[in-house]
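K.L.:
return a 3D structure for these sequence lines:
(one chain, ligands or ions: 1)
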Amino acid sequence: MIVQDAVLRNEWIVACRSTDVLDRPTQVTIMGERIVLFRNEEGIHAFKDLCIHRGAALSLGCVRDGKLVCPYHGWEYESSGACVKIPQLPEDQAIPGKARAIPYACVERYGFIWVNLSNESPAFFALPEFEDENYRNVIWGPQTVNAKPPRVVENFLDVGHLAVVHEGYLGVSTHTEIGDYRVHRDADGVIRTDEIAVFQPDPDGTGQAKHVYYTYEIIRPLTVKFTKRDQENGNKMSILLTVMPLNEQETVAYGVLSFNYEMNLEDEEITKFQDLIFAQDKPIVENQKPEDLPLDLQIELSLKCDRASIAYRQYLTEMGVKLGTA
Ligand code: FES
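P.N.:
Numbers count the residues shown, from 1 in each chain. Below you'll find the model as predicted:
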């Protein structure tokens, strides 16, 4: 079922990791829509995963001489979506103008492939850490969650759960209080919190428990970030979370983990830890009721430490996002 949300269809939505599309076409499903991604010498391309001839999935075909070849009768589509070869057609007959695949806008950025279902090219958000040579960037995901996107995103913005759900990892049960903080919208349009003190058992791998300082950012309806700063040594770690609505009910999460300090860990060890943290959140998020995030702030009972969540709900209201909200 195709999911209609005019606001989200106009967003850049993460489709998969760059490394998921090499020399073979790949199928992804975004908001219930099957899409084929393929790569040729001109770059990355996204089409509706449907051959106009007999409805075959183009993703089952191959890329030959830069053309996407349908697996059923071998029609060949070039980057624009135009069909340039129909093997069954006698040479003296022209290819019908209607023989086209339906293209979507598609870009490759920050280690991922992004698709715009409205075929627009809206401005892309900045991720300074990815361009900065002082940062090591690690790609994380995919992780599929049986929950709607706003619930998954809001969980990421929730500072109060760290010492409860992630006790021993991201928080300590003797330090559950959260000080008050403000939320502001900056000139770049991003909504940011003040730094929030969080007491962690071992924030830098030395075994020393201490306070670190979290800043949360609401960048786009499906993309948020936090940055953890250690005041003692200037170490910074950020995680960009971006989610893809798979259909009405399921969400796929991806991330970029950025570090400005050395760590004696392989990328796989870093993503494994993030998987563990995500697995702790998953049963909570998958069982929240209502499944749709309430945008009416009277429906659930918020605390001052929920200011980031409240700002996110207000932002979704302002943007007019419907999918996964009530
Ligand atoms: Fe694709 Fe026939 S269904 S070429």
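K.L.:
to which secondary structure element is the residue nearest the centre of the chain assigned?
P.N.:
Closest to where the C-alpha atoms of the chain average out (CA atoms, centre = their mean) is residue 242, at 2.3 Å. Using DSSP states H and E, residue 242 falls within strand 236-245.
K.L.:
now swap in residue 15 and tell me
P.N.:
Per DSSP H and E: residue 15 is located in strand 13-17.
K.L.:
which strands and helices sit next to that strand?
P.N.:
Counting contacts by 3 or more CB pairs under 8 Å, 6 or more residues apart in numbering; DSSP states H and E, strand 13-17 packs against strand 26-30, strand 33-40, strand 112-116, strand 136-145, strand 236-245, strand 251-259. C-betas here are computed from N, CA, C, even on glycine.
K.L.:
quick one: the last one to strand 26-30, angle?
P.N.:
Angle, strand 251-259 to strand 26-30, by axes from the mean of the first three to the mean of the last three CA atoms, to 10 degrees: 110 degrees.
K.L.:
quick one, what contacts the residue of the stretch 201-326 of the chain found nearest the ligand?
P.N.:
Among the residues of the stretch 201-326 of the chain, residue 247 lies closest to the ligand, at 24.6 Å counting by CB to the nearest ligand atom. Residue 247 is in contact with 1, 3, 29, 31-32, counting by CB atoms under 8 Å, 6 or more residues apart in numbering.
K.L.:
do residue 70 as well
P.N.:
If you count contacts by CB under 8 Å, 6+ apart, residue 70 has them with 51, 53, 56, 58, 61, 76-77.
K.L.:
again, only this time at 6 Å
P.N.:
Residue 70 makes contacts with 51, 56, 58, 61, as judged by CB atoms under 6 Å, 6 or more residues apart in numbering.
K.L.:
go through these and name the one nearest residue 252.
P.N.:
residue 58 (21.2 Å; CB to CB).
K.L.:
how many other residues sit next to the closest residue to that closest one other than its chain neighbours?
P.N.:
Spatial nearest neighbour of residue 58, chain neighbours left out: residue 36 (4.6 Å); criterion: CB to CB, 6 or more residues apart in numbering. When neighbours are counted by other CB atoms under 10 Å, residue 36 registers 25.
K.L.:
distance of residue 36 relative to the ligand?
P.N.:
Distance, residue 36 to the ligand, by CB to the nearest ligand atom, to the nearest Å: 12 Å.
K.L.:
same question, residue 39
P.N.:
Counting by CB to the nearest ligand atom, the gap from residue 39 to the ligand is 20 Å.
K.L.:
flag every buried residue along stretch 279-297.
P.N.:
280-282, 285-286, 288, 291, 293, 295 (16 or more other CB atoms under 10 Å).
K.L.:
also stretch 80-100?
P.N.:
Quick answer for stretch 80-100 (16+ other CB under 10 Å): 81, 83, 85-86, 99-100.
K.L.:
got these as a markdown table, with distance to the ligand and secondary structure columns?
P.N.:
Below are these laid out as a markdown table (distance: CB to the nearest ligand atom, whole Å; DSSP: H, G, I helix; E, B strand; the rest coil):
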| residue | distance to the ligand | secondary structure |
| --- | --- | --- |
| 81 | 13 | coil |
| 83 | 9 | strand |
| 85 | 10 | strand |
| 86 | 8 | coil |
| 99 | 9 | coil |
| 100 | 12 | strand |
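K.L.:
ok, which pair from those residues is furthest apart?
P.N.:
Largest separation among the buried residues of stretch 80-100 by CB to CB: 81 and 86, giving 14.6 Å.
K.L.:
domain ranges for this protein?
P.N.:
6-116, 128-319 (the TED database).
K.L.:
redo those domains as JSON lines? Include mean pLDDT.
P.N.:
Formatted as JSON lines, those follow (pLDDT from 0 to 100):
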{"stretch": "domain 6-116", "mean pLDDT": "97"}
{"stretch": "domain 128-319", "mean pLDDT": "95"}
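K.L.:
now distance to residue 122 too, for the ones you listed, in a markdown table please.
P.N.:
Below are those laid out as a markdown table (distance: least, CB to CB, whole Å):
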| stretch | distance to residue 122 |
| --- | --- |
| domain 6-116 | 6 |
| domain 128-319 | 9 |
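K.L.:
so which of those gets nearest residue 325?
P.N.:
domain 128-319 (5.0 Å).
K.L.:
measure the closest one end to end?
P.N.:
Start-to-end span of domain 128-319 (CA to CA, to the nearest Å) is 24 Å.
K.L.:
quick one: secondary structure of the residue of the stretch 201-326 of the chain closest to the ligand?
P.N.:
Secondary structure state of residue 247, per DSSP: H, G, I helix; E, B strand; the rest coil, is coil.
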